[in-house]
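Participant: model this:
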Amino acid sequence: MKNIFRILAVVCILTLAGNASAAAPQAGKPVQDRPEKSADRVSVVSVQLEGTDSIGARLGTRLKERFNQSNLFTLNDDEEKDAPKLRLLVSTAPEFPGRPGVGSVYGVCWVFSQGKGYLGYLLAREVGTVNYDDLDALVDKLVERTDGIAAKYGNLWK
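Facilitator: Okay, the predicted model is just below:
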């Protein structure tokens with residue numbers, strides 16, 4: 001009986017050692033966190049901000065940061081470059097003029113631009129209010145909507 005348990009123990013140890021040696025080469029490979037940019041899915045985006053309130057300025061900055069970090073977008077603020085792109089026109093103002101830090105009123109227009117000198121084509125628009133606490137959620141929402149618009153009107157960039 002003892003011999004049977006010894007044989008089973010040796011078989012189990014050899015099986016585990018074989019599995020560990022097979023998994024060891026993959027453990028050294030770095031795992032890619034983000035997928036690579038795909039040429040057919042990347043949209044060129046330009047964010048243009050108009051407004052003087054601090055919440056609106058932070059909204060424009062965070063939008064640019066998020067587009068710059070994303071694999072689905074290429075941020076391009078170079079107006080001299082003559083290429084088709086999706087322009088986000090962001091306009092902000094203080095919600096209460098006497099208390100500018102309380103909230104901000106924003107308006108966003110998604111406009112397709114064929115290039116320099118061409119008339120833009122309005123794709124979508126949105127208006128609303130935002131405060132400091134809801135700023136990140138609004139940025140996420142606007143980026144998601146931009147991705148949906150870019151997917152819907154993707155034939156314009158080709």
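
Participant: Given the strand ranked longest in the chain, what are its sheet partners and their directions?
Facilitator: Secondary structure of the chain per DSSP state E: the longest strand is strand 99-113. Within its sheet, strand 99-113 is paired with strand 85-96 (antiparallel), strand 121-130 (antiparallel), according to DSSP bridges.

Participant: Which residue, neighbours along the chain excluded, lies closest to the residue positioned nearest the centre of the chain?
Facilitator: The C-alpha lying nearest the average C-alpha coordinate of the chain belongs to Ser70 (CA atoms, centre = their mean; 3.9 Å). Counting by CB to CB, 6 or more residues apart in numbering, the nearest residue to Ser70 once its immediate chain neighbours are dropped is Val143, at 7.0 Å. Where you see a C-beta, it was placed from the backbone N, CA and C, and this is true even at glycine.

Participant: where are the low-confidence patches of this protein?
Facilitator: Within the chain, the segments meeting pLDDT under 70 span 1-12, 14-40, 77-81, 100.

Participant: Do you have the helices of it handy? List them.
Facilitator: Per DSSP state H, the chain carries helices over the ranges 2-27, 54-69, 135-152.

Participant: ok, the residue nearest to Leu63 when sequence neighbours are not counted - how many residues close by?
Facilitator: Among residues not flanking Leu63 along the chain, Val47 sits closest, at 5.2 Å (CB to CB, 6+ apart). Val47 has 25 neighbours, counted by other CB atoms under 10 Å.

Participant: Would you mind confirming that Val47 makes contact with Glu65?
Facilitator: No - Val47 lies out of contact with Glu65 (CB atoms under 8 Å); the separation is 10.0 Å.

Participant: thinking again about what came up before, what's the most buried one of the strands paired with strand 99-113?
Facilitator: Highest mean neighbour count of those: strand 85-96, a mean of 19 (counted as mean count of other CB atoms under 10 Å).

Participant: CA-only coordinates of the longest strand of the chain, as PDB, when you get a sec.
Facilitator: Taking C-alpha atoms only, strand 99-113 is exported to PDB below (Å, rounded to 0.1, in the frame of the first residue of the first chain):
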ATOM      1  CA  ARG A  99     -19.800  82.300  -9.000                       C
ATOM      2  CA  PRO A 100     -17.600  80.900 -11.800                       C
ATOM      3  CA  GLY A 101     -16.200  77.900  -9.800                       C
ATOM      4  CA  VAL A 102     -19.700  76.400  -9.100                       C
ATOM      5  CA  GLY A 103     -20.400  75.000 -12.600                       C
ATOM      6  CA  SER A 104     -20.000  75.400 -16.300                       C
ATOM      7  CA  VAL A 105     -22.300  75.300 -19.200                       C
ATOM      8  CA  TYR A 106     -20.900  73.600 -22.300                       C
ATOM      9  CA  GLY A 107     -21.700  73.000 -25.900                       C
ATOM     10  CA  VAL A 108     -20.000  70.400 -28.100                       C
ATOM     11  CA  CYS A 109     -20.300  70.200 -31.900                       C
ATOM     12  CA  TRP A 110     -18.800  67.300 -33.900                       C
ATOM     13  CA  VAL A 111     -17.900  68.600 -37.300                       C
ATOM     14  CA  PHE A 112     -16.400  66.800 -40.200                       C
ATOM     15  CA  SER A 113     -13.800  68.800 -42.000                       C
END
